[in-house]
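1. turn this into a structure:
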Amino acid sequence: MKLYDAIVVGGGPAGLTAVLYLCRSGLSVAQVEMLAPGGQILKTESIENYPGFPQGVKGWELADTFAAHLAEYPFDRYNDAVLKMEQSAHGWTLSIGKDTIEGKTVVICSGANPRPLGVPREVQLTGRGVSYCALCDGNFFRDQVVAVVGGSSILYSDVEAYADELVQQRREMGYTSDRDPMNEALEALLQQKLLYNQALIDSVDINSGEVSARIEAYLQSLIEGGIANLEAKEHMAVFNYREMLRQRYEEQFYAQTMQGQVVGKVTVVPGEVERFYNSIDKDSLPIIGEQYVYAQITKFPASLSEAKQRTKEPLLDMRERVITGKTKFSVLARMYSVDMQCCHNCKEPIPERLWRELNKIK
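-> Residues are numbered from 1 along each chain as shown. Got it, this is the predicted structure:
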């Protein structure tokens, strides 16, 4: 078994650079690459963001340049996959195909493989219209229509957690929903993603201090049993968990702020849509070949006194905000009312029936 000072796993730009520096340091080096030198750049049609090539360069041409740079340096090449890596007396033992080698140090530059979608001709068009790096290849498609898949994922665990929150909230309020909570949670998270991305496009501002305060308050409620217990439960250091919470709460704050701006710009209410529809001559309406009738039977459980109180509290809060001048009833009507006669940017009269019912709450 041959012993090397260093073994480099990977033949991409990082791996080849590691081999270059190690050889120049006078060390015995072995490089393991299951394919040809160059790594993922061999799959790239054209590269425009690599220094030294102002007119761009083909991926295979750059890979050949890398290989030529190392041609005069003494190191052993192994063109196979690493099957196993184990710690040994001198460092590490690697099983490579039918060979076994040992190294005092192992430099892993194995890179990454994108997860393909599996759509037709994806492999054939990789590097020729199909890209896996927006930062690397985005400039090639400037001012063109593109399809973007991913980039802002919704984890299944996020959907499960949000669905559990919905179920718990409804139990506390004394009722249940006939809808699948997982479906409702996914819809809510998708809407939040849309609002969040639009907020970034519109350069919406949020209060960072409020985000930090909410994070710390939530963390304090979790670490009552000790930081070690929290880290063991979440499988990460507390500072990493704090950063994850920051990303989550920032997205929520952006989405809420964006939703407020969208609601504030509403110029059409459901009542207007209904009136417009009713004003259209029936002969001008499209003919629907089939008629679908949808019926729903809903049974509400008996409300608990605690649930009734929880329903009253937000309504009383809304009433207080209107009376003290902190907000306008027309704004609340647009945001929360499902009544067809809700306010239209203060141009329509306040729905007196709703206001009368709100004032009855004591």
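2. biggest helix in this structure, by residue count?
-> When every helix of the chain is counted residue by residue (DSSP state H), the longest turns out to be helix 238-264.
3. could you pull up phi and psi at the residue lying closest to residue 176 once chain neighbours are set aside?
-> When the adjacent residues along the chain are set aside, residue 176 lies closest to residue 170, with 5.7 Å between them (Cβ to Cβ, 6 or more residues apart in numbering). Heads up, the C-betas are built off the backbone N, CA and C, glycines and all. When quoted as degrees, to the nearest 10, the phi and psi of residue 170 stand at phi -70, psi -30.
4. burial of residue 170, as a residue count?
-> Residue 170 has 14 neighbours, counted by other Cβ atoms under 10 Å.
5. one more: residue 136?
-> 14.
6. pLDDT score for the residue lying closest to residue 164 once chain neighbours are set aside?
-> Distance criterion Cβ to Cβ, 6+ apart; nearest residue to residue 164, sequence neighbours excluded, is residue 181 at 7.8 Å. Confidence at residue 181, expressed as pLDDT, is 87.
7. next one: residue 339
-> 45.
8. which residues sit in contact with residue 332?
-> 318, 321, 322 (Cβ atoms under 8 Å, 6 or more residues apart in numbering).
9. for the longest helix of the chain, what is the distance to the chain centroid?
-> 12 Å (Cα atoms, centre = their mean, to the nearest Å).
10. now swap in stretch 318-333 and tell me
-> With Cα atoms, centre = their mean, you get 35 Å for stretch 318-333.
11. buried sites along it?
-> 318, 319, 322, 329, 330, 331, 332, 333 (16 or more other Cβ atoms under 10 Å).
12. among the residues you listed, which lie within helices?
-> Short answer: the buried residues of stretch 318-333 in helices (DSSP H) are 318, 319, 322, 329, 330, 331, 332, 333.
13. so the third one makes contact with residue 316?
-> When you say that, I think you mean residue 322. No - contact criterion Cβ atoms under 8 Å: residue 322 and residue 316 do not qualify, at 10.9 Å.
14. other SSEs contacting the helix or strand where residue 273 lies?
-> Using DSSP states H and E, residue 273 sits within helix 270-279. For helix 270-279, not one helix or strand is in contact under the criterion 3 or more Cβ pairs under 8 Å, 6 or more residues apart in numbering; DSSP states H and E.
15. dump it to PDB, restricted to CA.
-> Extracted in PDB, the C-alpha atoms of helix 270-279 (Å, rounded to 0.1, in the frame of the first residue of the first chain):
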ATOM      1  CA  PRO A 270     -66.500  41.700  -4.100                       C
ATOM      2  CA  GLY A 271     -69.800  43.800  -4.100                       C
ATOM      3  CA  GLU A 272     -68.600  45.700  -7.200                       C
ATOM      4  CA  VAL A 273     -67.600  42.500  -9.000                       C
ATOM      5  CA  GLU A 274     -71.100  41.100  -8.300                       C
ATOM      6  CA  ARG A 275     -72.800  44.300  -9.500                       C
ATOM      7  CA  PHE A 276     -70.700  44.300 -12.600                       C
ATOM      8  CA  TYR A 277     -71.600  40.700 -13.300                       C
ATOM      9  CA  ASN A 278     -75.300  41.400 -12.800                       C
ATOM     10  CA  SER A 279     -75.100  44.400 -15.100                       C
END
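16. I appreciate the help and will end here.
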